[in-house]
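S.K.: Build the 3D model from these lines:
(one chain, ligands or ions: 2)
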Amino acid sequence: MGIEIVGQIEKVSGKELSYSDFAERYLAKNQPVVISDLTDDWRAREDWVSGNGRPNLQFVATHFENSRVQVADCDTREYTDQKRLEMSVMEFVEQWTQASIEDKGKDDVLCDNGKSVLYLKDWHFVKEYPDYTAYQTPPLFCDDWLNMYLDNYQMHEDRDHFQKYDQISCSDYRFVYMGGKGSWTPLHADVFRSYSWSANVCGKKRWLFLPPPQSHLVYDRYMKNCVYNIFEEVNETKFPGFKETTWFECIQEPGEIIFVPSGWHHQVYNLEDTISINHNWLNAYNLSWVWDLLWKDYKDTEESIEDIRDISDDFEALCQRNLAANTGMNLNDFFIFTSRFALGNMVLLQSYANKQETLNPCSSAMAQNLVLNLSTIQKIMVMMISAGAVTAKDVYLDLRETLEEDPQFLSLCRDIGRTYAMIHREEEDQILFANELLLPKISGFADQQMQICSPKDLVVMIDRCNTCSSHLLA
Ligand SMILES: O=C(O)CCC(=O)C(=O)O
Ligand SMILES: [Fe+2]
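M.R.: Numbering: from 1, shown residues only. Ligands and ions are numbered 1, 2, ... in the order given. Next up, the predicted model:
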């Protein structure tokens, strides 16, 4: 018996969708949507696509031949994912071209010679070719705390332990995917329960979506193992809930972008030879999803090594290390990330408020966005406090050092300011500072101690910042 499909994903034109509509209808409601008309002017759609609409493999091979990439063997499962191989782009293109020749006219997934279907995944293309502008991220997807942060900082402070992990997968969350007809991605929900958007440069994809209230139905009774392929015979004893699941479907055409909300499990097929670009991102609308996942994974990690608690020198540190290795960040990483991001928002808000004082003191869309960010972070900090996560023991953020001596922080502030000015179409010079000093901007509300040592410190600081700027944001 096959799966039950109960609906199709809505499609809208990007020309008729304002940022506030998108935020209200899809980000805030966590609903998927397919958006057309946003990729027409992308260089990738010109350079990477032949006249007949198929991938221009010649171009890809000649321009990016030596890049080392991760390639999934779609026919071989390894643990919870497909087996990965590493090769150069040139090798990948050669194998793909060869498979297409041998496969001509056939419909099945395996080629004549029994070779597997290969799928190039998670290529950090933007990081590798920063000067080749393959595309512009549409403003709808630019409120992206994750990539803004990773453009300036590493996720893990503890570089020694995570160096290998960082290099492979943590540099950013902007990817290129390329695969022949029949290549596919097994059922999963995205990293950190972030949002993703995925644009077809060429080719077509079929997406199957499961709404989050049904997520538990694709896990075993221990909530550990997830169904791998929804079109294979699923073991009813192991996954008794699976037969209750109901799915949404979508055929994504060339040039269209799909928005994948937080926590929606999905399985994806390339119906033709396809190149796609996708980003994972998070912001005020889905930060609580990230926190919920991190906390759940932390508790699971703790439980899984409970038996060595008594013989371990620093059990807490071990939990955090395992959490970072398995989930991609740990509680400390998350706290430092949200603290720096909040501090950046406070600096910008004050800077903006000062400049607006003589002009129009009423709130703008950009100022409202900064305020929303801060109140969301504050709520998450309150949850961290009640969970007892990240206890006060070290200095997590020294404000003087960050504001006066950290060029990365200044750069993060600029990126945040530039991004919101662009999304809300406001003047950049209202918020950007050429040589302005950052420290005086927080003097009205920073604690004397000038340090953030716990989530509570951040809650208090955001409160004071709100008081300082409330008269300007009435
Ligand atoms: O295109 C694919 O094969 C998978 C993409 C995906 O899972 C995503 O964008 O979240
Ligand atoms: Fe995904």
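
S.K.: where's Y129 relative to ligand 1, distance?
M.R.: 20 Å (Cβ to the nearest ligand atom, to the nearest Å). For every residue, glycine as well, the C-beta is placed using N, CA and C.

S.K.: Do you know the pLDDT at that residue?
M.R.: pLDDT for Y129: 97.

S.K.: pretty sure it contacts D47?
M.R.: No: counting by Cβ atoms under 8 Å, Y129 stays clear of D47, with 11.6 Å between them.

S.K.: And W264, its phi and psi?
M.R.: Backbone dihedrals for W264, given as degrees, to the nearest 10, come out at phi -80, psi 120.

S.K.: How many residues are close by it?
M.R.: 23 (other Cβ atoms under 10 Å).

S.K.: I am assuming it contacts Q31, so please confirm or correct that.
M.R.: No: with contact defined as Cβ under 8 Å, W264 does not count as touching Q31 (9.1 Å).

S.K.: Give the residues shared as contacts by those two.
M.R.: Taking Cβ atoms under 8 Å, 6 or more residues apart in numbering as the contact rule, W264 and Q31 touch no residue in common.

S.K.: residues from the stretch 151-300 of the chain in reach of ligand 1?
M.R.: Y177, T185, D190, S196, S198, K205, V260, H266, V268, S276, N278 (Cβ under 6 Å from any ligand atom).

S.K.: Next up, the contacts around the fifth one.
M.R.: With contacts defined as Cβ under 8 Å, 6+ apart, S198 is in contact with Y177, K205, Q252, I257, I258, V260, S276, I277, N278.

S.K.: Make a markdown table out of those residues and add distance to L217.
M.R.: Shown next, in a markdown table, are the contacts of S198 (distance: Cβ to Cβ, whole Å):
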| residue | distance to L217 |
| --- | --- |
| Y177 | 27 |
| K205 | 24 |
| Q252 | 25 |
| I257 | 28 |
| I258 | 23 |
| V260 | 19 |
| S276 | 28 |
| I277 | 31 |
| N278 | 26 |
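
S.K.: Could you list every helix and strand that the top strand by length along the chain packs against?
M.R.: If you go by DSSP state E, the chain has its longest strand at strand 68-78. Helices and strands touching strand 68-78, by 3 or more Cβ pairs under 8 Å, 6 or more residues apart in numbering; DSSP states H and E, are strand 81-88, helix 89-103, strand 118-123, strand 184-188.

S.K.: would TSV of the ones you listed with mean pLDDT, distance to Y222 and mean neighbour count be doable?
M.R.: As requested, those are arranged in TSV below (pLDDT from 0 to 100; distance: least, Cβ to Cβ, whole Å; neighbours: other Cβ atoms under 10 Å):
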stretch	mean pLDDT	distance to Y222	mean neighbour count
strand 81-88	97	19	16
helix 89-103	91	37	18
strand 118-123	98	28	22
strand 184-188	98	17	19
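
S.K.: I'd like the contacts of S198 written out as TSV, with pLDDT, neighbour count and secondary structure added.
M.R.: Formatted as TSV, the contacts of S198 follow (pLDDT from 0 to 100; neighbours: other Cβ atoms under 10 Å; DSSP: H, G, I helix; E, B strand; the rest coil):
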residue	pLDDT	neighbour count	secondary structure
Y177	98	25	strand
K205	98	25	strand
Q252	98	24	strand
I257	99	23	strand
I258	99	24	strand
V260	98	23	strand
S276	98	22	strand
I277	98	25	strand
N278	98	20	strand
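
S.K.: SS state for the residue most central in space within the chain?
M.R.: By Cα atoms, centre = their mean, the mean C-alpha position of the chain lies nearest to N280, the distance being 2.3 Å. Of the three states, N280 takes strand under DSSP: H, G, I helix; E, B strand; the rest coil.

S.K.: Correct me if wrong: it contacts R193.
M.R.: No: taking contacts as Cβ under 8 Å, N280 lies outside contact range of R193: 9.8 Å.

S.K.: Please name the bridge partners of V34.
M.R.: Following DSSP bridges, V34 is listed with bridge partners K11, I258.

S.K.: wait, I meant H188
M.R.: Beta-bridge partners of H188, as defined by DSSP bridges: H266.

S.K.: wait, it sits on V268?
M.R.: No: contact criterion Cβ under 8 Å: H188 and V268 do not qualify, at 9.3 Å.

S.K.: one step back: now the two most distant members of the residues of the stretch 151-300 of the chain next to ligand 1.
M.R.: Farthest-apart pair in these is D190 and K205; separation 15.4 Å (Cβ to Cβ).

S.K.: just the strands in the stretch 301-450 of the chain please.
M.R.: Per DSSP state E, counting those that start in this stretch, the stretch 301-450 of the chain carries strands over the ranges 397-398.

S.K.: tell me which element V6 is part of?
M.R.: strand 4-8 (DSSP states H and E).
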